[in-house]
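>>> Using only what follows, build the 3D model:
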Amino acid sequence: MCSIHVAAAAGHTEIVKEILNVRPEFARKYNSEGYTPLHLACSRGHIDTIRELLWFEPDLLYLRDHKGWTPLHCASMKGRVGVLNEIISISLESIEMVTNHGETILHLAVKYNQFDGLKYLVETLNILELVNRQDNDGNTVLHIATSGKLTTMVTYLLKQGVDVNTINKKGYTALDVVEADGSNSSILQIVPALLDAGAKRCDQLPPRDIQEVLVPHNLITHNSPTSRKMESPNQQYHRYRKKTHRRSKQIELQNEGLRNARNTITVVAVLIATVTFSAGINPPGGFSQESGKAKMGSKRPFKVFMVCNIIALFLSLGIVNVLVSVIPFRRKSMMKLLVATHKIMWLSTMFMAAAYIAATWTILPHGSGSRWLVIELMVVGLGCTLAVLLGLGVLLVKQYLRKQEWRRRKEKKMKKDGTPNSSLNSRVGDLHFVRNSHHSSSSNSDIDSSDHGYQVY
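Purely as a prediction, here's the structure:
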């Protein structure tokens, strides 16, 4: 073993620094066991030594040992939370690197029963997409946790929303794995937890979903109505992974759009409330210096102004209170909330426009020319509003028609395939994609049927 390896393993930072000054090539030197100095420092948890090595050459993070492990993998295997934080703060790309066996840092944390490391990685970094990542054997972290009868790990992963029905290359779900060995009493806790989370055995899953995940050798694809060709398991597996990634990306983009729409409605409601509040305490015509009352208070247009202004104010305040108080975490719930608040916002803006017209009517002179001016303003305002409503109505109808056409094509395809439980299989498939996208509750027909990048509601 080289002297720099001994110093790095012992945490002697100053010695490591001196060696690097004399022999900088030693930073990349492997010892007889296939480890670099950074691998050893990460495994032992010597943060100062790690900082010195990475300051000297940041690319040391990407060196692999004989197992294909990076220094981050070594830290995850040992549960070194401080080292994980130090490395990830320097390079987020290192999170995506896998071992020769396709294992992520989460696989290693679970495999070596490092609960603190797993919890830090999942919660602090919010890398839930890695939880369902499969290694070369098709095992997720849940497969490994159930195989090792790690009750605490299993319970925690279920709370994080891991896909409980992923099938590995042996054809086993997590429930199959834990039930295969009844010798450990811990399965009495693991099995009920899995069942409560909706876990099923492989033979309980719909045939279509099993076929897609297992990627059997005899699976065929249609290039044309009359010609078919065989796909290798590796090709079909990558096609399946690409499909799930694309669907997850679409759902995430839609969820992001809904969150942005929610924020936009909140801002608009606050602006309406601000404008109407200002108009209420500074009414048209001003106040009488003697009585402190509104000068135009006895006129009918002023009363119309006050009624419309008050309604617009309190409708907007209601929208703000609802959006601030209700935090939906499912797509369907978010859509219902936005549809309701959106319609109320339209009412609020219409009442604000009516209040503006009434205020204009109040302060203008009562001549025939002035009245015609107000009428013209009303016509222009109503015309613009109706034009916007008509345009949105056309978009809404087109979206509805696209959705219906998509559903008809889907039903036609199912009938053509001749699958008896095709509707059930489709729903289970949709739920599978939804679980990979943070549990959005929907069949996502809006996403699949839309090709314009927007959604009207």
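
>>> Only C-alpha atoms from now on, for both contacts and neighbour counts.
Fine.

>>> How much space separates Phe115 from Lys403?
45 Å (Cα to Cα, to the nearest Å).

>>> just Ile50 next, same as before
Shown here: Ile50 relative to Lys403, a distance of 55 Å by Cα to Cα.

>>> go on, Val270?
34 Å.

>>> Next: Val177.
40 Å.

>>> Does the residue nearest to Ile319 when sequence neighbours are not counted lie in a helix or a strand, and which?
Leaving aside its chain neighbours, Ile319 sits nearest to Thr341 (6.0 Å; criterion: Cα to Cα, 6 or more residues apart in numbering). Using DSSP states H and E, the element containing Thr341 is helix 331-363.

>>> Arg262 now?
Using DSSP H and E, Arg262 sits within helix 233-281.

>>> shaky segments in this protein?
Within the chain, the segments meeting pLDDT under 70 span 1, 126-128, 181-187, 206-251, 329-331, 366-371, 373-374, 413-457.

>>> Against Val164, how distant is the residue sitting nearest the centre point of it?
With distances taken as Cα atoms, centre = their mean, Glu252 lies nearest the centre of the chain, 4.7 Å away. Note on Glu252: its distance to Val164, by Cα to Cα, is 20 Å.

>>> And Asn132, by the same measure?
Taking Cα to Cα, one finds Asn132 at 9 Å from Val164.

>>> go on, Gln399?
For Gln399 relative to Val164 (Cα to Cα), the value is 34 Å.

>>> Who has more neighbours out of these two?
Counted by other Cα atoms under 10 Å, Gln399 and Val164 do not tie: Val164 has more neighbours, with 24 against 21.

>>> Helix, strand or coil: sort out that one for me.
Using DSSP: H, G, I helix; E, B strand; the rest coil, the secondary structure recorded for Val164 is coil.

>>> Contact partners for it?
142, 158, 173-174, 194, 197-200 (Cα atoms under 8 Å, 6 or more residues apart in numbering).

>>> what's the answer for Glu103, then?
134-136.

>>> Kindly recompute the last result at 10 Å.
68-69, 73, 96-97, 111, 133-137, 139-141 (Cα atoms under 10 Å, 6 or more residues apart in numbering).

>>> separation between it and Val141?
Taking Cα to Cα, one finds Glu103 at 9 Å from Val141.

>>> same question, Leu118
10 Å.

>>> One more: Gly34?
Gly34 is 26 Å from Val141, where distance means Cα to Cα.

>>> Compare the two and say which one has the larger neighbour count.
Val141 (29 against 12).

>>> Correct me if wrong: that one contacts Leu157.
Yes. Applying Cα atoms under 10 Å, one finds Val141 in contact with Leu157, separated by 8.3 Å.

>>> Need the residues touching each of these two.
131, 163.

>>> neighbours around Asn321, how many?
For Asn321, using other Cα under 10 Å, the count is 13.

>>> Go ahead and confirm it touches Thr266.
Yes. If you go by Cα under 10 Å, Asn321 and Thr266 touch, sitting 9.1 Å apart.

>>> Now Ile15: phi and psi?
phi -70, psi -40 (degrees, to the nearest 10).

>>> swap that for Asn132, sorry
Per degrees, to the nearest 10, the backbone of Asn132 is at phi -100, psi 10.

>>> For the closest residue in space to it that isn't next to it in sequence, give its distance to Ala174.
Spatial nearest neighbour of Asn132, chain neighbours left out: Thr140 (5.6 Å); criterion: Cα to Cα, 6+ apart. Per Cα to Cα, Thr140 is found 9 Å from Ala174.

>>> okay, and the common contacts of the two?
Shared contacts of Thr140 and Ala174 (Cα under 10 Å, 6+ apart): 163-164, 166-168.

>>> so the residue of the chain most remote from its centre, which of the three states?
Most distant from the centre of the chain: Glu290, at 61.0 Å, with distances by Cα atoms, centre = their mean. Here Glu290 is recorded as coil under three-state DSSP.

>>> next one: phi and psi at it?
According to degrees, to the nearest 10, Glu290 has phi -80, psi -50.

>>> Same question for Phe287.
The phi/psi pair for Phe287 (degrees, to the nearest 10) is phi -110, psi 150.

>>> Who are the contact partners of it?
Neighbours of Phe287 in contact, by Cα under 10 Å, 6+ apart: 281, 293-297.

>>> Look up the closest residue to it, ignoring the ones flanking it.
That would be Ala294: by Cα to Cα, 6+ apart, it lies 4.3 Å from Phe287.

>>> got it, and Leu317?
Nearest to Leu317 is Ala273, by Cα to Cα, 6+ apart, at 6.3 Å.

>>> check contacts around Val154.
Here Val154 is in contact with 110, 141-146, 148, 160, 162, 174, 189-191, 193-194 (Cα under 10 Å, 6+ apart).

>>> got it, and Phe351?
Contacts of Phe351 by Cα under 10 Å, 6+ apart are 276, 305, 307-313, 315, 345, 357.

>>> can you redo the shared contacts of Thr140 and Ala174 as CSV with distance to Asn260?
Formatted as CSV, the shared contacts of Thr140 and Ala174 follow (distance: Cα to Cα, whole Å):
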residue, distance to Asn260
Asp163, 27
Val164, 31
Thr166, 32
Ile167, 35
Asn168, 37
